[in-house]
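Participant: using only what follows, build the 3D model:
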Amino acid sequence: MNILIVNGYVRQNKGDAALLSVLCEELQKTFPKATVVISSQEDPAEDPTFENWRNVGSLNRYCFDPATGKLSHLLRVWLCCMTFLLLHFVPKKYRLAVIRILPRRLQLFMRNLLQADLVVSMGGGYLNGDRSLMAQIAVYLMVAPLSLAKHFGACVVCAPQSMGPFATRFQKRIVTQALEKVDLVLTREARTAKILTGLSAQFPLRQSVDSGFLFKTAAVTNLRRQLQVGDHDLLVGITVRRWLDAKRQHAYEQAVAETVDYLVTHHQATVVFIPQVTSSLGGDDDRVTAEKVYARITYKNHVHRLQEHYTHQQIKSLYGELDMLIGTRFHSVIFSLTSLVPALAIEYEHKTSGIMHDLALDTWVVKIEKATPAVLIHKIDELIAGKDDYREHLKQVLPAYIARAQDATTLIKETYELTR
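Facilitator: Predicted coordinates for the structure are as follows:
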């Protein structure tokens, strides 16, 4: 049996790396004799494996290789589109012959797609789009392999994820056409189910839980010792990201900076900026945003910025040493919650409020556009005053919630067996 996991990102995004790690492990346990292969945006020549699993690259990586220019990107997108079209209509006995004439890197991905018995679209929050041309292409490159795999005869499922919103008719149409053909779509919160139901009543939807809640690590980082913070001193972690237009991004960064000053002066806290994502793709490096926030902080003596390239195991360990987190990156919030560390989540996509609602933590969500200094400081005071009750709440709700996350691969197995 061959399993291909598609739509992987890069290991520098620690949340996505954790999702991929959990998914690979769970699928390998569920199908112990299967060969599991991943398709990610990492170059197979540079990163041939992720943990114990072989990486075959992805359409996005092939089309938008940063080593090539815009003309090459357009030609590669055109080639992928023509390949998908041709493979939908060519007789089965000629499919491999068509794949053999493709460029080597594209051929590697297409061979594994053709040979897969089970194709799993990785969990996360990547299937959405704005009105830009790049968004139209990106959405197409994510869903087209699902339709083609189904055409090849594979069982196709979507691991627990958030989807939408979709900004154009084209996006809605190709997502609808693809998801109506797949065998199972697992959502990780109710808002996604509502968005998808609005597109079509034919999607095979089941609600599940973000696989990040299953992620565990034995790594030890000794963060408090590294920062020289006592066991009983208040240690607050912060994750930030670039997300908004310049004016609103500046306001968000200023609000975080003023909140840090308040934590240091009024609560004698030590504050540490944690780089949840350090990817160069799309300028998605949290350390850059952290530096901008740090430049606006007045009281810097008790403020730290971590600069290392941590693994997802090490990052998970860091959150366990905090007293609380102000998290914009949502998997930093999940890593904190599963370590029983109270978190205030700054929401930039609906996955945040959706999952926090499922955990009855609605009060601890602030939309990024409304994250003013006054709002954040008020929430911080509430969080510090109620952190013990928050931890008790987590102890009560998390076990059952995590158990639901473990059901995802059971549902995938049941679906696969029904299609054979």
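Participant: okay, CA-based contacts and neighbour counts for the rest of this
Facilitator: Fine.
Participant: pretty sure Ile274 sits against Val303.
Facilitator: No: counting by C-alpha atoms under 8 Å, Ile274 does not reach Val303; the two are 11.3 Å apart.
Participant: ok, these two, which is more surrounded?
Facilitator: Set Ile274 next to Val303 and count neighbours by other C-alpha atoms under 10 Å: Ile274 wins out with 25 against 19.
Participant: contacts only, for the more buried one.
Facilitator: Neighbour list for Ile274: 237-239, 305-306 [criterion: C-alpha atoms under 8 Å, 6 or more residues apart in numbering].
Participant: in ChimeraX, select just the buried ones from these.
Facilitator: Remark: buried members of the contacts of Ile274, expressed as a ChimeraX selection using 16 or more other C-alpha atoms under 10 Å:
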select :237,238,239,305
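Participant: please enumerate the strands of the stretch 151-300 of the chain.
Facilitator: 155-166, 184-187, 205-207, 235-239, 270-273 (DSSP state E, counting those that start in this stretch).
Participant: adjacent strands (with direction) for the third one?
Facilitator: Looking at strand 205-207 with DSSP bridges, its paired strands and their directions are strand 184-187 (parallel).
Participant: ok, residues contacting the strand it pairs with?
Facilitator: 156-163, 179, 193, 203-209, 408, 412, 415.
Participant: any of these buried? List them.
Facilitator: 156-163, 179, 193, 203, 205, 207-209, 408, 412, 415.
Participant: so where is the protein shaky, pLDDT-wise?
Facilitator: Along the chain, no part satisfies pLDDT under 70.
Participant: now do 80
Facilitator: 280-283 (pLDDT under 80).
Participant: any idea how it splits into domains?
Facilitator: Domain assignment for the chain by automatic domain parsing gives 2-215+404-419, 223-385.
Participant: can you add distance to Glu392 and give these back as JSON lines?
Facilitator: As requested, the domains of the chain are exported to JSON lines (distance: least, C-alpha to C-alpha, whole Å):
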{"stretch": "domain 2-215+404-419", "distance to Glu392": "17"}
{"stretch": "domain 223-385", "distance to Glu392": "9"}
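Participant: the ones you listed: which one's closest to Val397?
Facilitator: For Val397, the closest of these is domain 223-385, at 6.7 Å, according to C-alpha to C-alpha.
Participant: tell me which of the domains of the chain sits nearest to Leu394.
Facilitator: Here domain 223-385 is closest among the domains of the chain (C-alpha to C-alpha), at 6.3 Å.
Participant: on the three-state scheme, the residue with the largest distance to the centre of the chain is what?
Facilitator: Most distant from the centre of the chain: Lys93, at 37.4 Å, with distances by C-alpha atoms, centre = their mean. Of the three states, Lys93 takes helix under DSSP: H, G, I helix; E, B strand; the rest coil.
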